[in-house]
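> Next input, structure requested:
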Amino acid sequence: MFMTRREFSVLTASTTAFLLSGCKPAKPRLRKEVNALSSTELASYRAGVDAMQHLARDNALSWDYQRAVHSIPPGGSADNPLADPAGTASFWRKCHHHTDHFFDWHRWELFYYEEILRQVCGDPKFNLPYWDYFTDAHLPVAFRPPTSGTNVLAHARNSALNDGTGELNVAPTGMSTTSLPSFQSYFEYNPHDITHGQVGGDMVSVPTAALDPVFYAHHCNVDRGWDVWLKQGGGRVNPTGSWPTTSFDFQSVSGPKTPTAGGADTPEKMGYTYTPSPPYKLPPDVLDLLRKLAQRYRYRIPKPIPPIPPEPGPDPAPWRSLAVVEGFELDGVPTVLPVAPSPDALKSFSDASRQKDLEVALTFTNLRATEFARQGGYFYQIFLVPSARALSDAKVEQAAELRGINAFSLSVAAHEGHAEHGGPSRYVITLDAQARELLARAASADPAFVFVRRGLIIKGQEDESNADKVLFIFDDVRLEVRSSNARK
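Numbering: from 1, shown residues only. The predicted structure is shown next:
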């Protein structure tokens, strides 16, 4: 590959320092919380990012190349006007989201990024920091735009985060679960997806997320969450079977690597550890939230559409619609939507929830985010309640939370290769065991889905402004089932 004189100088100096650093330390390297970095460590961090950003995209150690490892639009698009350089395509667009390898793939991504950053900054002692937004959800000062001069770690994001007036509204969900797939399902959505969506800017889209330097500090905290979950014990283990032998393709300071999922079992196995953290706080009480909103709900009268037959295609287990309701806009007003537009549809959906060989889902067709949504700051929680009447009386006693809607999750659904979401025109939210049980018992009641917009925390209060702003639009919402056995 072609290398400029500046690139050669940067890499020569940093490589010399790296090689003189000696052998691998006997104890694991320590990844600190970003606010705990010394001035020297922060200077090394900025120097490394600056050096990477001055390397050409076809240099495997460059900022653009490593961003593309996570994802980048195909060559010829507006964001990637050049065709993929020769020899790079096999290393690009490899991120895993909502798959069995979300945690381990991103752990390897961080490992090789940290290795490159350490080399190009010329500081062999540097370790990648994490952003502990469970302890302090304000954007760390290290990543904010300075009042004067420049900061290579600053980036275009939600303005309230960048100026320090707002903080994320996230929680470490799923920590009490004991299987990794279950934990990942919760934790990947909240805090992972929601943090991406609330930060805004490039972070809301899979192909651009790694352009923002805070991406790596965020993923270090997600990586730390996996470690905290595993160390709780109680039967918590990583998967066996074919999971440990699954391999990935990465570029490192010494050339191509093909690590395995099993090689990323623990941070210590990879030569690093995290500073101890205080116990994670429990997420806010769902029922308390729903009761407080009693006087603000907007009740939708569903406009049914004739059930839509399964779409033709190679999918061996297509979704079958039991009921279809006309789409509507999601803004800042909490919205209540009955589960089904007719008693017959409700009974069919309730009966399907009792069948273990069927998957049950809430599916949005052509769900899209507005420009306001892409600015970050907001996301939607979706709840299933057994009685819409109980909501209006503030007497709701049961609720099941579903995976919600935010700009980043929508980007994942549209991202190439993520067929589990149904493709770019379908956003599928499968109901877990708790939601299915609640629905199965609610056939004689008036169950409903509740859409609640959540915002950043501003001066200790959740941001409830801009209630008239539309964030998401969709053509219809479907209540669907499909055979889980046919997919195996």
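
> For the rest of this, base every contact and every neighbour count on C-alpha atoms.
Will do.

> which residue sits closest to Asn127, ignoring its sequence neighbours?
By the measure of C-alpha to C-alpha, 6 or more residues apart in numbering, the closest residue to Asn127 outside its immediate chain neighbours is Arg31, 5.6 Å from it.

> what's the domain layout of this structure?
The chain breaks down into these structural domains: 5-274, 286-487 (assignment by automatic domain parsing).

> between those domains, which gets nearest to Tyr280?
The closest approach between Tyr280 and any of the domains of the chain, judged by C-alpha to C-alpha, belongs to domain 5-274 at 7.0 Å.

> what about the closest one, distance to the chain center?
Using C-alpha atoms, centre = their mean, to the nearest Å, the mean C-alpha position of domain 5-274 is found 13 Å from that of the whole chain.

> which stretches of the stretch 251-400 of the chain have low pLDDT?
Low-confidence segments of the stretch 251-400 of the chain, defined by pLDDT under 70: 310-316.

> residue ranges for the strands of it, please.
All strands of the stretch 251-400 of the chain, identified by DSSP state E, counting those that start in this stretch, fall at 255-257, 272-274, 298-299, 304-305, 320-326, 329-330, 335-338, 358-365, 368-369, 378-385, 400-405.

> List the contacts of the residue nearest to the spatial centre of the chain.
Centroid-nearest residue in the chain: Asp193, 2.4 Å away (criterion: C-alpha atoms, centre = their mean). Taking C-alpha atoms under 8 Å, 6 or more residues apart in numbering as the definition of contact, the neighbours of Asp193 are 406, 408-409.

> Please enumerate the helices of the chain.
Taking DSSP state H to define them, one finds helices in the chain at 5-19, 39-53, 63-70, 102-121, 159-162, 180-187, 194-199, 214-230, 286-292, 343-354, 371-374, 388-392, 407-414, 433-440.

> which of these sits most buried?
Stretch with highest mean neighbour count among these: helix 194-199 (a mean of 29; mean count of other C-alpha atoms under 10 Å).

> State the mean pLDDT of it.
Per-region confidence: helix 194-199 scores 98 on mean pLDDT.

> returning to what we had before: Serialize the domains of the chain to TSV and add fields for distance to Tyr280.
Putting these into TSV (distance: least, C-alpha to C-alpha, whole Å) gives the following:
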stretch	distance to Tyr280
domain 5-274	7
domain 286-487	17
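
> do you know how far the residue lying closest to Thr365 once chain neighbours are set aside is from Ala217?
Distances taken as C-alpha to C-alpha, 6+ apart put Arg426 closest to Thr365, at 4.8 Å, once the chain neighbours are dropped. For Arg426, the distance to Ala217 under the criterion C-alpha to C-alpha, to the nearest Å works out to 31 Å.

> picking that back up, now the helices of the chain as CSV including distance to Arg320?
As requested, the helices of the chain are exported to CSV (distance: least, C-alpha to C-alpha, whole Å):
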stretch, distance to Arg320
helix 5-19, 56
helix 39-53, 48
helix 63-70, 33
helix 102-121, 28
helix 159-162, 42
helix 180-187, 23
helix 194-199, 29
helix 214-230, 35
helix 286-292, 31
helix 343-354, 11
helix 371-374, 30
helix 388-392, 26
helix 407-414, 19
helix 433-440, 17
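
> Show me the one of those that comes nearest Ala448.
With C-alpha to C-alpha as the criterion, Ala448 lies closest to helix 388-392 of the helices of the chain, at 5.7 Å.

> low-confidence ranges in the stretch 51-200 of the chain?
In the predicted model, the stretch 51-200 of the chain carries pLDDT under 70 at residues 74-89.

> before we move on, the earlier item: count the neighbours of the residue nearest to Thr365 for me.
Per other C-alpha atoms under 10 Å, the neighbour tally for Arg426 reads 21.

> wait, it sits on Leu362?
No: Arg426 is not in contact with Leu362 according to C-alpha atoms under 8 Å; the separation is 10.2 Å.

> residues near the residue lying closest to Asn162 once chain neighbours are set aside, how many?
The shortest distance from Asn162 to any residue other than its chain neighbours is 5.2 Å, reached at Arg144 (C-alpha to C-alpha, 6+ apart). A total of 22 residues lie near Arg144 under the criterion other C-alpha under 10 Å.

> what's the spacing between Arg144 and Glu268?
Applying C-alpha to C-alpha, the value for Arg144 to Glu268 is 31 Å.

> Over to Asp132?
Using C-alpha to C-alpha, one gets 19 Å for the distance from Asp132 to Glu268.

> Those two - which one has more neighbours?
Per other C-alpha under 10 Å, whichever of Asp132 and Glu268 has more neighbours is Asp132, with 23 against 15.

> my guess is the more buried one meets Arg31, correct?
No: assessed by C-alpha under 8 Å, Asp132 is found out of contact with Arg31, at 11.6 Å.

> Go ahead and name everything in contact with stretch 334-354.
Surrounding stretch 334-354, the residues in contact under the criterion C-alpha under 8 Å, 6+ apart are 293, 296-304, 322-323, 325, 358-360, 388, 436-437, 439-443, 446-453, 479-481.

> for stretch 323-333, same thing?
Taking C-alpha under 8 Å, 6+ apart as the rule, stretch 323-333 contacts 296-298, 302-308, 340-341, 345, 452-453, 464-480.

> now swap in stretch 465-473 and tell me
Among residues not part of stretch 465-473, those counted as contacts by C-alpha under 8 Å, 6+ apart are 327-333, 366-373.

> quick check, nearest of the residues you listed to Ala394?
Relative to Ala394, the closest of those is Val333; by C-alpha to C-alpha it sits at 16.5 Å.

> Around the closest residue in space to Ile457 that isn't next to it in sequence, count how many other residues there are.
Taking C-alpha to C-alpha, 6+ apart, and ignoring the residues beside it in sequence, Ile457 has Glu167 as its nearest neighbour in space, at 5.1 Å. Glu167 is surrounded by 24 other residues when neighbours are defined as other C-alpha under 10 Å.

> ok, Glu167 - contacts?
Applying C-alpha under 8 Å, 6+ apart, one finds that Glu167 lies in contact with 136-139, 160-161, 456-458.

> For it, list each beta-bridge partner.
In this structure, Glu167 has the following beta-bridge partners (DSSP bridges): His138, Ile457.

> any idea how far Asn158 is from it?
Taking C-alpha to C-alpha as the measure, Glu167 falls 10 Å from Asn158.

> can you check Gly200 too?
For Gly200 relative to Asn158 (C-alpha to C-alpha), the value is 5 Å.

> any residues in contact with both of those two?
Taking C-alpha under 8 Å, 6+ apart as the criterion, Gly200 and Asn158 both touch 375-377.

> Just the closest of the contacts of Asp193 to Ala154, please.
Looking across those and measuring by C-alpha to C-alpha, the closest to Ala154 is Phe408, at 20.0 Å.
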